[in-house]
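Chemist: Below is the sequence, then the predicted model.
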Amino acid sequence: MSAMITLEGLSIGYQAHNPIATDINVEVQESDVLALVGLNGSGKSTLLKTIMGLVKPLSGSVKLDVMRSHDIAYLPQQARIEKGFPIDLKEFVSTGLWTQTGWWRSMRNYEKEVYEAIDRVGLSDMAKVHLSELSGGQMQRALFARMLLQPSKLLLLDEPFNGVDEATISVLLEQLKHCQQQGATIVAAIHDLELVKQHFDQCLLFHPNGLVQGNSQALLAPVKDNGIEQAPLDVATLDSRLDLLDHA
């Protein structure tokens, strides 16, 4: 199995004199599913954008085992989606076909695929509902349905479960599992550590000295200091956590 993502000596950020994270060296294999975790401001969203090509690396390299840009699907944070755009859910989901059809070609021949994607996320009775009328969970399901229409080998998701109900989380996790079974590689930035430990075997963890890859249960296990359990991502305990893993 070959690497889908190779990050070598990577520094990320928006200003060369003030990088967000440096010296990132990671390989993500084909069909891997990993959660990307870290403190607020540690660089999760910036790393996803850098892998996607939306932000240029400050230094180092990003190598992807994809031939075309539409082999990559990027799901941004829901807060950045404009729900006031005057289209209904079906029309919004249909935009996932643009990489295949182009902007002006009719999508009439793809209606079956569009409705199937909508049905898979449990919104079949809301196809004609305007985006502005969707709840946060329904909008996130719509974003997933749009992503399902893209024949992508690599899925990059930024907080896909943020602010949605448990039923929606269950539906979205099931769709990610389906995508993996179809051969997709998935990297998702997630702040809910319990969700990561329950549903993601592997994670990428930002810490003060870079990015470490490993088993989620081990990396996010509680660390005690003088008998007091510390927060899993507390800066003061990250190095202790990594030391424990090194000597495990």
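Modeler: Received it, and whenever you're ready, just let me know what you need. Numbers count the residues shown, from 1 in each chain.
Chemist: Show the residue spans covered by the strands in this structure.
Modeler: Under the criterion DSSP state E, the chain contains strands at 3-12, 21-29, 33-37, 59-64, 72-75, 154-158, 185-189, 202-207, 210-215, 223-225, 228-230.
Chemist: among the helices and strands of the protein, which one scores worst on average pLDDT?
Modeler: In the chain, no helix or strand scores lower on mean pLDDT, DSSP states H and E than helix 235-246, which sits at a mean of 52.
Chemist: Take the strands of the chain and write them to CSV, including distance to residue 86 and mean pLDDT.
Modeler: All C-beta atoms are positioned from the backbone trio N, CA, C, and that covers glycine. CSV is the format used below for the strands of the chain (distance: least, C-beta to C-beta, whole Å; pLDDT from 0 to 100):
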stretch, distance to residue 86, mean pLDDT
strand 3-12, 36, 95
strand 21-29, 39, 94
strand 33-37, 34, 96
strand 59-64, 35, 96
strand 72-75, 22, 90
strand 154-158, 25, 96
strand 185-189, 30, 97
strand 202-207, 39, 90
strand 210-215, 41, 87
strand 223-225, 51, 61
strand 228-230, 49, 55
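Chemist: Tell me which of those lies nearest to residue 196.
Modeler: Evaluated with C-beta to C-beta, the strands of the chain place strand 33-37 nearest to residue 196, the distance being 4.3 Å.
Chemist: Give the partner strands of the closest one in its sheet and their orientations.
Modeler: Sheet pairing for strand 33-37, assigned by DSSP bridges, gives strand 185-189 (parallel), strand 202-207 (parallel).
Chemist: what angle sits between the single longest helix found in the chain and strand 185-189?
Modeler: For the chain, the longest helix by residue count, based on DSSP state H, is helix 166-181. Using axes from the mean of the first three to the mean of the last three C-alpha atoms, to 10 degrees, the inter-axis angle of helix 166-181 relative to strand 185-189 is 150 degrees.
Chemist: Give the buried residues for helix 166-181.
Modeler: Across helix 166-181, burial judged by 16 or more other C-beta atoms under 10 Å covers 168, 169, 171, 172, 173, 175, 176, 179.
Chemist: looking at it, the first one is touching residue 140, isn't it?
Modeler: Yes - checked against C-beta atoms under 8 Å, the pair residue 168 and residue 140 is within contact range at 6.1 Å.
Chemist: got any residues that touch both of these two?
Modeler: Listed contacts common to residue 168 and residue 140 are residue 161; contacts here mean C-beta atoms under 8 Å, 6 or more residues apart in numbering.
Chemist: tell me, what residue is most central in the protein?
Modeler: The centroid of the chain falls nearest to residue 157 when counting by C-alpha atoms, centre = their mean (2.0 Å).
Chemist: Name whatever forms a beta bridge with that residue.
Modeler: residue 75, residue 188.
Chemist: low-confidence ranges in the protein?
Modeler: Applying pLDDT under 70 to the chain picks out residues 1, 78-81, 99-109, 209, 223-248.
Chemist: Isn't residue 203 up against residue 217?
Modeler: No - using C-beta under 8 Å, residue 203 is not in contact with residue 217, being 9.4 Å away.
Chemist: Neighbour count: those two, which is higher?
Modeler: More neighbours surround residue 203 than the other of residue 203 and residue 217, with 26 against 13 (other C-beta atoms under 10 Å).
Chemist: quick one: contacts for that one?
Modeler: By C-beta under 8 Å, 6+ apart, the residues touching residue 203 are 34, 35, 36, 37, 196, 213, 214, 215, 216, 219, 220.
Chemist: how close does the last one get to residue 35?
Modeler: Between residue 220 and residue 35 the computed distance is 9 Å (C-beta to C-beta, to the nearest Å).
Chemist: Could you do the fifth one as well?
Modeler: When C-beta to C-beta is applied, the distance between residue 196 and residue 35 equals 4 Å.
Chemist: Appreciated, that's everything.
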